[in-house]
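Q: Sequence first, predicted model second:
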Amino acid sequence: MREAGIGRVLVASLHQGIADILPTRLGFYENWLNAEGLREGTIGLAPLYAVLSFLRQEGDAYKLITTRAGEYAADWTVQSMRPVHRAAIKAAPVWLRRRILLRLAKRLVRSSYHGSRAISRLRRGTARVDVRASVFCTVREKVPSPLCGFYAAAFTRLLALFDIGATTEVRACRATGEATCVLTVSMASAQGAVTAAAEAL
């Protein structure tokens with residue numbers, strides 16, 4: 001991570017999402033998401049904002065790419081953990097696993113962009129996650145639809161990888177004029193998520 005605070009996992013996941021959804025446009029976006037920057041972790045805020053601005057002009061592809069990127073970010077975050085750490089989380093009882101994974105989700109937000117942070121509150125299997133200073137939602141003018149689907153996808157995938165089924169919804173978004181981005185994560189028991197996690201791996 002460089003001084004601008006942009007994490008490698010965010011940049012790499014966006015790059016891969018673009019390659020998956022808009023492969024013919026990847027060369028254009030690599031003007032900002034270049035190989036050296038990806039390797040060295042030297043992509044700054046200005047290039048990232050440029051990429052996100054152009055992606056918003058791609059129509060439905062923006063949502064598809066940021067959702068795919070969020071899933072990749074969760075996958076790679078888990079893969080980077082020590083095997084013993086992953087095993088310990090999976091062995092924890094469901095009530096404790098939920099809390100551990102919410103902490104991990106908050107770290108994912110912070111590591112994606114150092115200027116962002118997440119505050120969560122868990123009650124009866126549903127978490128309210130308040131994402132402050134989302135890098136995706138910094139826009140000059142309000143937009144009609146939320147832009148923070150990256151986080152929703154990342155949270156859902158992260159929980160599934162540890163056998164917790166979840167549905168994440170964006171309740172408020174800074175890009176649409178709200179003060180912060182608010183997501184609700186409705187978590188199921190461990191049952192029902194094992195198949196989804198196996199498919200994700």
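A: On my side now, so go ahead. Numbers count the residues shown, from 1 in each chain.
Q: C-alpha from now on. contacts and neighbour counts both.
A: OK.
Q: May I ask which helix or strand encompasses the closest residue in space to Ile89 that isn't next to it in sequence?
A: Across the structure, with Cα to Cα, 6 or more residues apart in numbering as the measure, the residue nearest Ile89 apart from its sequence neighbours is Arg97 (6.1 Å). Under the criterion DSSP states H and E, the helix or strand holding Arg97 is helix 94-112.
Q: Counting neighbours, which bits of the helix or strand just after that helix end up buried?
A: Beyond helix 94-112 in the direction of the C-terminus, DSSP H and E gives the next helix or strand as strand 117-123. By 16 or more other Cα atoms under 10 Å, the buried positions in strand 117-123 come out as 117-118, 120, 122.
Q: hmm, who's touching strand 117-123?
A: Judged by Cα atoms under 8 Å, 6 or more residues apart in numbering, the contacts made with strand 117-123 from elsewhere in the structure are 99, 102, 106, 109-110, 127-133.
Q: was I right about Met187 contacting Ala166?
A: Yes - taking contact to mean Cα atoms under 8 Å, the distance of 4.3 Å between Met187 and Ala166 places them in contact.
Q: which of the two has more neighbours?
A: Taking other Cα atoms under 10 Å, Met187 and Ala166 do not tie; Ala166 has more neighbours (23 against 20).
Q: which ones are touching the more buried one?
A: Neighbouring residues of Ala166 by Cα under 8 Å, 6+ apart: 156, 159-160, 185-188.
Q: Angles on the backbone of Ala166, please.
A: Ala166 adopts backbone torsions of phi -150, psi 150, taken as degrees, to the nearest 10.
Q: how close does it get to Ala188?
A: With the distance defined as Cα to Cα, to the nearest Å, Ala166 ends up 6 Å from Ala188.
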